[in-house]
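In: Everything below, folded, please.
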Amino acid sequence: MDGVFTRLYADLDREALASLDSDKVLGLITDEERYVLATQYWTFNVDAAAVVSVVRHVAQEVVPFWLEEAGFIKTDMTVSDSENWTYEVWQKRVDAGPVELGINGFDMHRSVYFVCVGPQQPGGRVTISNLSPADEAVIEMRDGAWKYRDWDDLYIKGAPDALKGHHLLTTYRGRAREAHLVGAFRTTPFPSSAAPDQIVLTWSEDPRATQSIQWRTGPDTKTSAVRYRKTGDQDYAQVTATCESIEDRLLMNDRYINHFTAILRGLDPATTYAYSVGNGDTWSDEAEFTTAPDGDAAFSFVCFADTHYSADAGRLIQAAFRQHPETAFSLIAGDVVSTGLYRNEWDHVFEYGRDVFDRWPVAIALGNHDDQDGLGARLPLALFALPENGPEGVEPERTYSFRYANALFLVMDVGTSFEVQARWIEDQLAQTDATWKFAVFHFPLYSVEEDYAAIREQWGQIFDKYHIDMAFHGHVHYYLRTKPMRNLQPVADAADGTIYTISIAQSGRRYPLPEAEYIAKRFTGVAVYPKIDVDGSRLVYRAYDIDGKVLDELIIEK
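Out: As a prediction, this is how the structure comes out:
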């Protein structure tokens, strides 16, 4: 497909690319490409005569071009699922040997087809081998079975008797993107250039003595650096950045960028530095950052959630920075964008955060939209240099911790094993001497709409045991603060329980919501961000709207 994209870019203008449909695509690909797309999407062997069923979503308008050509016949059988979606069943009888299946289509229909394989004769047995992609799970076809590994809550509830007991080849919705050409091509309103931009401060090491800085240029700029000095000093130090080429093959006007990362080390705690990034005669405007203090010095931070690359969220971020310039850093509790694979959406985020993210370090938790359709979080992990101190066996930067003054921050990934992270969370909390302990992750432990019982079961008891003070979430698009919670019940005092908060950086939900005993404060339809001031053993929590009005507040004294 990379070869197809490169050739189409060379042969077609933007208008032609944007107007492609399935018939036009079939006229543009070579015979070899057509063969591969018709046979190499899914391959496996069967050891006996079998019935192969391609179970496809009826809402997909264009039937895959290869399906009838390969001898599949549409049956009267249908399959339904827990979302009441309907799938039609196409079948083919095959002899023992190889089975080769083609793409889901040139559109991006996310409810991609799945496959069932069973014996031709009742009571017979069929074994599948040499499955490619090799990491697809094969389970039993039955009511209650899941078909998408990136959405295991979506289960089959209407399996035809003729398919029950067959092998079910699960898949993931991201496969819809593999051959996506129809309506696929995008542009960014903020393309890269030779000049550095999208400057972002993060931490990948100790915030007291280091500062990580990231930025981008166009692909022709091969080297770049940071020059920096203590404010008031005249002499600069300089650090050369590492460079990573990042591709978004569907971005017509900015397919490649160079992304630079530099880590400044050996800095003094609680010290302000001026810096700029660039090379030669092209340098960014000078900005400042301040390293974390030693000990238990006072500090503050803000938390956003579900920015979804929206202009409204951008205005909220800018307002928070204007209203509270003394704030040390910001958190984003997931769903920074709506489609984590689309670099044009990240371009919006960085544009809306311009002159903020280069002064406030930002720490992000991955949301389900940042790590979408089972395809991983390649872009956010490339664009943000984050700590690599997470659980063993988990992709670095997905889950991490950092210490700021007398507070420990645990940032977790809702797309990674809750059990694996639970062991890491307990280790982190058992070893810390921090006065304050905060957790940041996307899915809320307490929500009146979506229930994440598995996270509560794995993590909630650890939070109770070691007394996490506050946890910050997003996802459900309204504001909520719980009463202090312990053992799934409200308790009277914050000293005895954890306070869970949900915020939303856009206007969010507007319809009425059910009540719950654990709710201390909730409202809908307003973009809001919490600001937390920590001073020794005293914490002040306030939630603000875009105009700086305080919508919720509490004080905790230890």
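In: so residue 72 touches residue 89, yeah?
Out: No - using C-beta atoms under 8 Å, residue 72 is not in contact with residue 89, being 9.7 Å away. (Each C-beta comes from the backbone N, C-alpha and C, glycine too.)
In: which residues are in contact with both of the two?
Out: Shared contacts of residue 72 and residue 89, defined by C-beta atoms under 8 Å, 6 or more residues apart in numbering, comprise residue 54.
In: how close does the residue nearest the centre of the chain get to residue 313?
Out: Central residue of the chain (C-alpha atoms, centre = their mean): residue 370, 2.0 Å from the mean position. Distance of residue 370 to residue 313, computed by C-beta to C-beta, to the nearest Å: 14 Å.
In: Need the overlap of contacts for these two.
Out: Shared contacts of residue 370 and residue 313 (C-beta under 8 Å, 6+ apart): none.
In: if I pick residue 101, what's in contact with it?
Out: 39, 41, 42, 43, 52, 54, 66, 70, 115 are the contacts of residue 101 under C-beta under 8 Å, 6+ apart.
In: Next, check those residues against the strands and list the overlap.
Out: Counting by DSSP state E, the part of those found in strands is 42, 43, 52, 54, 115.
In: Turn those into CSV, including pLDDT and neighbour count.
Out: Supplementary listing: the ones in strands among the contacts of residue 101 in CSV, determined by pLDDT from 0 to 100; neighbours: other C-beta atoms under 10 Å:
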residue, pLDDT, neighbour count
42, 96, 22
43, 97, 14
52, 98, 24
54, 98, 23
115, 98, 23
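In: Local confidence estimate at the residue nearest to the centre of the chain?
Out: The per-residue pLDDT reported for residue 370 equals 97.
In: Please identify the helix or strand for it.
Out: In this structure, residue 370 sits in neither a helix nor a strand according to DSSP states H and E.
In: and which of the ones in strands among the contacts of residue 101 is nearest residue 447?
Out: Distance to residue 447 across these (C-beta to C-beta) is lowest for residue 115, with 34.8 Å.
In: what's across from the closest one in the sheet?
Out: When bridges are called by DSSP bridges, residue 115 pairs up with residue 54, residue 169.
In: got it, and residue 215?
Out: Counting by DSSP bridges, residue 215 is bridged to residue 260.
In: Thought residue 197 was touching it, still the case?
Out: Yes - counting by C-beta under 8 Å, residue 197 is a contact partner of residue 215 at 6.6 Å.
In: Compare neighbour counts for the two and give me the winner.
Out: For residue 215 versus residue 197, the count of surrounding residues by other C-beta atoms under 10 Å is larger for residue 215: 23 against 17.
In: Can you name the residues that contact the more buried one?
Out: Contact analysis of residue 215 by C-beta under 8 Å, 6+ apart lists 196, 197, 198, 199, 200, 224, 241, 259, 260, 277, 284.
In: Out of these, which sit inside helices?
Out: Using DSSP state H to define helices, no part of the contacts of residue 215 is located there.
In: still on that earlier bit, what's the most distant pair in the ones in strands among the contacts of residue 101?
Out: 43 and 54, at 13.6 Å, using C-beta to C-beta across the ones in strands among the contacts of residue 101.
In: Next one: residue 59 from residue 113, what distance?
Out: Taking C-beta to C-beta, one finds residue 59 at 12 Å from residue 113.
In: out of the two, which sits in the more crowded spot?
Out: Higher neighbour count among residue 59 and residue 113: residue 113, with 28 against 10, using other C-beta under 10 Å.
In: so that one touches residue 57, yeah?
Out: Yes - Residue 113 lies in contact with residue 57 (C-beta under 8 Å); the separation is 7.2 Å.
In: Am I right that residue 317 is in a helix?
Out: Yes - counting by DSSP: H, G, I helix; E, B strand; the rest coil, residue 317 is part of a helix.
In: neighbours around the nearest residue to the residue nearest to the centre of the chain once chain neighbours are set aside, how many?
Out: Sequence neighbours aside, residue 340 is the residue nearest to residue 370 in space, at 4.1 Å (criterion: C-beta to C-beta, 6 or more residues apart in numbering). Neighbours of residue 340 under the rule other C-beta under 10 Å: 26.
In: give me the element residue 340 is part of.
Out: With elements taken from DSSP H and E, nothing contains residue 340; it lies in neither a helix nor a strand.
In: thinking it is in contact with residue 368, fair?
Out: No - between residue 340 and residue 368 there is no contact under C-beta under 8 Å: 9.2 Å.
In: just the helices in the protein please.
Out: Assigned by DSSP H, the helices in the chain fall at 2-11, 14-18, 22-28, 31-39, 311-323, 343-352, 378-383, 418-431, 453-455, 461-466.
In: what's next to the first one, contact-wise?
Out: I take that to be helix 2-11. 17, 28, 29, 33, 181, 249, 250, 252, 255.
In: mind redoing it with 10 Å?
Out: With contact meaning C-beta atoms under 10 Å, 6 or more residues apart in numbering, helix 2-11 is reached by 16-17, 20, 25, 28-30, 33, 37, 179, 181, 184-185, 247, 249-250, 252, 255.
In: how far off helix 31-39 does that helix point, in degrees?
Out: Using axes from the mean of the first three to the mean of the last three C-alpha atoms, to 10 degrees, the inter-axis angle of helix 2-11 relative to helix 31-39 is 130 degrees.
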